[in-house]
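Peer 1: Could you look at this predicted model? Sequence included:
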Amino acid sequence: MTALNVLMIGAGGIGGYYAAKLAQAGHNIVLSARGEHLEALQANGLVVDYEGAVTHHDLPAFDHQALMRTYRADDFDLIVIALKSTATDSVMVELSEWLQGGSVPVLSLQNGVDNEQRIAREVGEQRVLGGLAVRIGGHITEPGKVYAEGVAQIVLGAWPVQARNDPRTGLLARLEREFTEAGIPTRVTDDIHYELWRKLVINNGVNPLSALTHLDTRTLTHHPEFGKMVYGMMAETVQASKADGVNLTERDLDEMFDLISSFNAIKTSMLVDQEKGRPLELDSISGAVLRRCQSLGIEAPYTRTVHALLQHRNVR
Ligand SMILES: NC(=O)C1=CN([C@@H]2O[C@H](COP(=O)(O)OP(=O)(O)OC[C@H]3O[C@@H](n4cnc5c(N)ncnc54)[C@H](OP(=O)(O)O)[C@@H]3O)[C@@H](O)[C@H]2O)C=CC1
Ligand SMILES: CC(C)(CO)C(=O)C(=O)O
């Protein structure tokens, strides 16, 4: 194995967990972070509690200004964006010139269907890999410490489409192999839009409603009333996908509802943000669905109501 050089931008629940798995397998990982979390990473390393198994990792960690002084973009084989999507735009603008000085591919591991487009604006489509973190729940428990659970898979693919003789094919195959060997079950897809939309079905079903009710995914999906609302918001997401030419079906809807109903009782990333008083990924989850429904001229009453209630709560 030749070690991969990976820059993890945003070393939170998702970035911290996957960075630790890759580092444990012998890959060279650099983290970006800020504030107290960065200070703790620099002073004590990254501590990951995966379902009770605690590991410790001394990894180089930088804020973005120091990162750009220390490395060139092409010192890395891959740059992973594991920020909340509320930060994608500003971080991409901050790193734009530095990224444009190289040709390294950039993989988004974020929820939502609009992040790849934002990244492409700075680096060009041919460098963008779309991706999603599947069957994982994770968050920062205190500065420097991450908790994660679930089988923690990754699905990734060339964005916006996998072309014939796509130059990214070799790297994707390598990532699938190396990530899987590192204990991250990974699958390359030739239709990343479809996979991102299927994930959005789950996220629009449970994330906003969990932030509103403070309930975990299992309680929500098994609740006699909230379960129906989750299913309703998922069905609206299936309708919305048509605006992007994705055409999810009732089968996708039922598969995604079954997947999240049978998964661990997860405190969603949006509920974690709500509890910490941080910005919510509303624009990229329920907002993304509402924009598409509006363009199609269809109603999305469940999504509209939950979105409006959360917006109201968070602007007061
Ligand atoms: N958590 C989960 O269970 C799951 C999350 N996802 C998705 O994965 C993505 C990442 O989520 P998650 O890991 O929960 O996010 P976290 O909030 O845990 O981590 C993101 C990290 O990025 C940091 N960050 C933000 N802006 C900057 C900046 N300018 N410079 C340096 N660091 C910065 C944040 O710092 P700060 O706190 O200071 O803002 C935070 O530490 C999201 O799109 C989410 O929806 C997908 C599946 C499951
Ligand atoms: C719902 C869940 C846990 C599914 O992986 C998720 O994606 C999130 O919390 O943002």
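Peer 2: Sure, I can see it. Ligands and ions are numbered 1, 2, ... in the order given.

Peer 1: Nearest to ligand 2: which residue in the stretch 1-150 of the chain?
Peer 2: In the stretch 1-150 of the chain, the residue that lies nearest ligand 2 is G137 (4.4 Å; CB to the nearest ligand atom). Any C-beta I mention is one placed from the backbone N, CA and C, and that applies to glycine too.

Peer 1: Tell me the buried residues in the helix or strand of the chain with the lowest mean pLDDT?
Peer 2: Using mean pLDDT, DSSP states H and E, the weakest-scoring helix or strand in the chain turns out to be helix 301-315, at a mean of 94. Neighbour counts using 16 or more other CB atoms under 10 Å place Y302, T303, R304, T305, V306, H307, L310, Q311 of helix 301-315 among the buried residues.

Peer 1: can you give me the strands in the protein?
Peer 2: 5-9, 28-32, 46-50, 53-57, 61-62, 78-81, 106-108, 128-134, 137-142, 145-149, 153-158, 186-188 (DSSP state E).

Peer 1: CSV for those strands, including mean neighbour count?
Peer 2: Output for the strands of the chain, formatted as CSV (neighbours: other CB atoms under 10 Å):
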stretch, mean neighbour count
strand 5-9, 24
strand 28-32, 24
strand 46-50, 21
strand 53-57, 12
strand 61-62, 23
strand 78-81, 26
strand 106-108, 27
strand 128-134, 25
strand 137-142, 19
strand 145-149, 20
strand 153-158, 22
strand 186-188, 19
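
Peer 1: What separation do you get for L215 and R292?
Peer 2: 26 Å (CB to CB, to the nearest Å).

Peer 1: more neighbours, the two?
Peer 2: Between L215 and R292, counted using other CB atoms under 10 Å, R292 has the larger neighbour count: 23 against 20.

Peer 1: distance of that one from D114?
Peer 2: Using CB to CB, R292 is found at 10 Å from D114.

Peer 1: before we move on, what about L209?
Peer 2: 21 Å.

Peer 1: These two: which has the busier surroundings?
Peer 2: L209 (28 against 20).

Peer 1: check contacts around that one.
Peer 2: L215, L220, F226, M229, V230, M233, V306 (CB atoms under 8 Å, 6 or more residues apart in numbering).

Peer 1: just to revisit the earlier point, for my notes, please list the strands of the chain in CSV and give distance to G245 for each entry.
Peer 2: As requested, the strands of the chain are exported to CSV (distance: least, CB to CB, whole Å):
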stretch, distance to G245
strand 5-9, 29
strand 28-32, 34
strand 46-50, 38
strand 53-57, 41
strand 61-62, 39
strand 78-81, 24
strand 106-108, 20
strand 128-134, 15
strand 137-142, 31
strand 145-149, 34
strand 153-158, 16
strand 186-188, 21
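
Peer 1: Make TSV from those and add distance to ligand 1 and mean pLDDT to it.
Peer 2: Output for those, formatted as TSV (distance: least, CB to the nearest ligand atom, whole Å; pLDDT from 0 to 100):
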stretch	distance to ligand 1	mean pLDDT
strand 5-9	7	98
strand 28-32	5	98
strand 46-50	11	98
strand 53-57	16	98
strand 61-62	9	98
strand 78-81	8	98
strand 106-108	8	98
strand 128-134	4	98
strand 137-142	4	98
strand 145-149	8	98
strand 153-158	10	98
strand 186-188	15	98
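
Peer 1: quick one: which of those is nearest F179?
Peer 2: Nearest of those to F179, taken as CB to CB: strand 186-188 at 3.9 Å.

Peer 1: For the residue lying closest to D75 once chain neighbours are set aside, list each beta-bridge partner.
Peer 2: The shortest distance from D75 to any non-neighbouring residue, by CB to CB, 6 or more residues apart in numbering, is to N5 (6.4 Å). In this entry, N5 is beta-bridged to N28, by DSSP bridges.

Peer 1: The closest residue to L41 other than its chain neighbours: what's it in contact with?
Peer 2: In space, and not counting its chain neighbours, L41 is closest to A61: 3.9 Å by CB to CB, 6+ apart. Taking CB under 8 Å, 6+ apart, we find A61 in contact with A11, V30, L31, S32, A33, L38, L41, Q42, L46.

Peer 1: which one of the buried residues of helix 301-315 is nearest ligand 1?
Peer 2: Taking CB to the nearest ligand atom as the measure, ligand 1 lies nearest L310 of the buried residues of helix 301-315, at 14.9 Å.

Peer 1: Enumerate every residue touching the closest one.
Peer 2: P208, A211, L212, L280, L282, S286.

Peer 1: among the contacts of L209, which two are most distant?
Peer 2: L215 and M233 (14.1 Å).

Peer 1: Residues of this protein that sit close to ligand 1?
Peer 2: 10, 12-15, 32-35, 37, 64, 82-85, 87, 91, 109-111, 133, 136-140, 269, 281 (CB under 6 Å from any ligand atom).
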